[in-house]
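Trainee: following is a predicted model, sequence given first.
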Amino acid sequence: MNRKQKKTLMRIIAALILLLAAAAVDIIAGPARYIRLVIYLVPYIVIGYDILIKAFKGIINGQVFDENFLMAVATVGAMALGEYREGSAVMLFYQIGELFQSIAVGRSRKNIAALMDIRPDCAYVETEGGVEECDPDEVEVGSIIVVKPGEKIPIDGVITEGNSALNTAALTGESLPVDVFEGDSVSSGSINMTGLLRIKTTKPFGESTVSKILELVENSGERKSRSENFISKFARYYTPAVCISALMLGVGVPLIRLALNMQAGLGMWIMRALTFLVISCPCALVISIPLSFFAAIGGAGSEGILIKGSNFIETLSKTKYVVFDKTGTMTKGVFEVVGIHHSKLEDRKLLEIAALAEKNSNHPIARCIVKAAQCELDDSRISDIKEISGEGIRAVIDGKEIYIGNDKLMARAKVSHKDCSSVGSVVHVAIDGEYMGHIVVADVLKKDAAAAVSALKNTGILQTVMLTGDGEAAAEAAAKELNIDKLYSRLMPEDKVKKVEELLDDKRAGSAVAFVGDGINDAPVLTRADIGIAMGALGSDAAIEAADVVLMDDNPLKISKAIRIAKKCMKIVYENIVFAIGVKLICLILGALGIANMWLAIFADVGVMVIAVLNAIRMLRREKSVYVE
Amino acid sequence: MKKTYAIEVDCANCANKMEAAAKNTEGVKDASVNFMALKMKVEFDEGADEKTVMKNVLKACRKVEPDCEIEF
């Protein structure tokens, strides 16, 4: 509790004791009317003086119809009618509710701040005179910073010395540590876990990952959702409407009764009108709706899902069609050895020979074979390497003549080869004129890609579509393995926009189309879809700019997670809207009929608000990760 | 020019009112209040003096919410 809250708490306790004492005197002694007024007025002033002052200031500044005004009118009215006890008690309960709300909001604010606690306090810069502590903002690009184990990396850079394991959970939500070595780029916001690192900064703090993420989260409040706009509009009309009804109830009804020659019953009708005023405050909605969205954005952020505004939560929750880009989104975007077939040697041996021959080539396929071989490649074993463009390599290794490459190269070497039925690029290997087998290299699907698609189906996605520039065979194989509904292959980048537009035209009314890409070359599609999701976008400015949702790591399972968070948030928002408006309407009707008294009115105001806030806070609880049934 | 300020305000409705008040202040092109982050973002008109404009913004906000605070 802060000082203000503590002060309010003291006042509440004091007022409560005074009120109980007053009630005791009132019941036991039954004093005269003016003494009753005085003994109830004491707790009333203690607890309500600030409200009365605010209400007065509000009227001077033309701010009628705010909650202070409503409470002041309702309680002063009750006092004037001789309902001293109710008048005091209403003010007391109102303050208790306000205090509770203030504490709840403060706590959730702290929770969210903790989730997004990635801002580094300082950077240690290496200078000639030793290590100096610096504000991260003041560190120049190209400086060497020192990060000890347990500290946050303050600025993006490249490791110049040392190796360590990094905890990137705050950035990506992934709790598995990442090993980093000299020469690796590191993102600010990750926590150095094991070793001392010297890092050469490559960006100013303001453009580093941490700043970008924080900026995104802070700006997310600017894009308000339709529900939020609905609530502010609702509040604008609702409060005056209730006030006018109260006036009609308090003055209009008695006048009509007089006109009809009945007893006016002015006191009773004014009491009902005052009850109306107490119920009328729209606080429950006004506070809980933005709170839900803010909590959702904060909670998603801690999972490595950045949502750029609450309007996108709304659209995301309506997503029924998900369009994927293939390369880099569902596949790793890099070649890997996926099989070795018909080998007459040990697989490992064949790979080693291929790797030796390909060692000095920069072709992506060559690089991946070298990587897959995972062994010491001794230069002295190789001699006479010749690269035959578009075909492969001829080399002499351990004194034997090696041909390694595609069909054309095998024809050139006059070696008969075996065709391969798997999808991917086939690298044949021939040693001294004899066919030794082939290595299949392909862009492999991500580990969780298939699970991601089925998780989407479980979250109610109607159709999944994959767009790719690849040929039919490779695309179809991938689509089949992933269980994708629709596939379009051999697309140029501009065709992808067209396909998404077709889908936008055909979609079911009220639903949304999401496009998921890796941010490279697909910025136009990201912008065109209802929701653009960029993945693995850490560091890609174009993608962060164009997308509405940014997944910080490249795990496709996060797509369904983002949709589920959005759905949960919208559910809570609708629950609160229906609950708060519902309870208030019922209480208003009961109040008009004279069934609901001041006490129920207090519940309709304060109680509903507290329940709505508690419901909104549920958004902060991390859900268990159940991806596949 | 865009600047962000830390603010102090108790209720969400008051934050909405502060936002509206700030928007209507002279020299302010656009303003938005993030109640949960307790931040006010102000975009100034070209050539406007930040200090004077913010003084007026605070004055306008105090009118709608007497005990609010803006740090500038």
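Mentor: Ah, there it is.

Trainee: how about the nearest residue to A:Glu387, chain neighbours excluded?
Mentor: Excluding its sequence neighbours, the residue lying closest to A:Glu387 (CB to CB, 6 or more residues apart in numbering or on different chains) is A:Ile393, at 5.4 Å. Heads up, the C-betas are built off the backbone N, CA and C, glycines and all.

Trainee: which single residue of the stretch 51-200 of chain A ends up nearest chain B?
Mentor: Residue nearest to chain B within the stretch 51-200 of chain A: A:Asn61 (4.4 Å; CB to the nearest CB).

Trainee: list the contacts for that residue?
Mentor: For A:Asn61, the contact set (CB atoms under 8 Å, 6 or more residues apart in numbering or on different chains) comprises B:Lys63, B:Val64.

Trainee: residue contacts, B:Ala48?
Mentor: Applying CB under 8 Å, 6+ apart to B:Ala48 gives the contacts B:Gly27, B:Val28.

Trainee: please redo it, this time with the cut-off set to 6 Å
Mentor: For B:Ala48, the contact set (CB atoms under 6 Å, 6 or more residues apart in numbering or on different chains) comprises B:Gly27.

Trainee: show me where chain B has helices.
Mentor: Counting by DSSP state H, chain B has helices at residues B:12-23, B:50-64.

Trainee: deepest-packed of those helices, please.
Mentor: Ranked by mean neighbour count, these are led by helix B:12-23 with a mean of 22 (mean count of other CB atoms under 10 Å in any protein chain shown).

Trainee: which helices and strands does it pack with?
Mentor: Taking 3 or more CB pairs under 6 Å, 6 or more residues apart in numbering or on different chains; DSSP states H and E as contact, the helices and strands that helix B:12-23 lies on are helix A:283-302, strand B:28-34, helix B:50-64.

Trainee: quick one: mean pLDDT over it.
Mentor: Regarding helix B:12-23, the rounded mean pLDDT is 83.

Trainee: stretch A:609-618 now?
Mentor: Averaging pLDDT along stretch A:609-618 gives 84.

Trainee: got a list of contacts for it?
Mentor: Contacts of stretch A:609-618 (CB under 6 Å, 6+ apart): A:Phe100, A:Gln101, A:Ala104, A:Ser108, A:Cys283, A:Ala284, A:Ser288, A:Leu291, A:Ser292, A:Ile572, A:Asn576, A:Ala580.

Trainee: apply 8 Å and report the result again.
Mentor: For stretch A:609-618, the external contacting residues (CB under 8 Å, 6+ apart) are A:97, A:100-101, A:104-105, A:107-108, A:283-285, A:287-289, A:291-292, A:295, A:572, A:575-576, A:579-580.

Trainee: for PyMOL, what selects the buried ones among those residues?
Mentor: Burial among the contacts of stretch A:609-618 is assessed by 16 or more other CB atoms under 10 Å in any protein chain shown; the matching PyMOL selection reads:
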select buried, chain A and resi 97+100+101+104+105+108+283+284+285+287+288+289+291+292+295+572+575+576+579+580
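
Trainee: from chain B, how far out is A:Met248?
Mentor: According to CB to the nearest CB, to the nearest Å, A:Met248 and chain B sit 25 Å apart.

Trainee: just give me how far the one helix or strand A:Leu526 maps to sits from the chain centre.
Mentor: Remark: A:Leu526 resides in helix A:523-528, with elements defined by DSSP states H and E. In terms of CA atoms, centre = their mean, to the nearest Å, the centre of helix A:523-528 is found 20 Å from the chain centre.

Trainee: which other helices and strands does that helix contact?
Mentor: helix A:493-506, strand A:512-517, strand A:531-535, helix A:541-546 (3 or more CB pairs under 8 Å, 6 or more residues apart in numbering or on different chains; DSSP states H and E).

Trainee: at 10 Å instead, please
Mentor: Using 3 or more CB pairs under 10 Å, 6 or more residues apart in numbering or on different chains; DSSP states H and E as the contact criterion, the elements in contact with helix A:523-528 are strand A:319-325, helix A:493-506, strand A:512-517, strand A:531-535, helix A:541-546.

Trainee: got the angle for the longest one vs strand A:319-325?
Mentor: Calculated by axes from the mean of the first three to the mean of the last three CA atoms, to 10 degrees, helix A:493-506 forms an angle of 170 degrees with strand A:319-325.

Trainee: ok so, going back, of the helices and strands packed on helix B:12-23, which approaches A:Val516 most closely?
Mentor: Closest of those to A:Val516 is helix A:283-302, at 15.6 Å (criterion: CB to CB).
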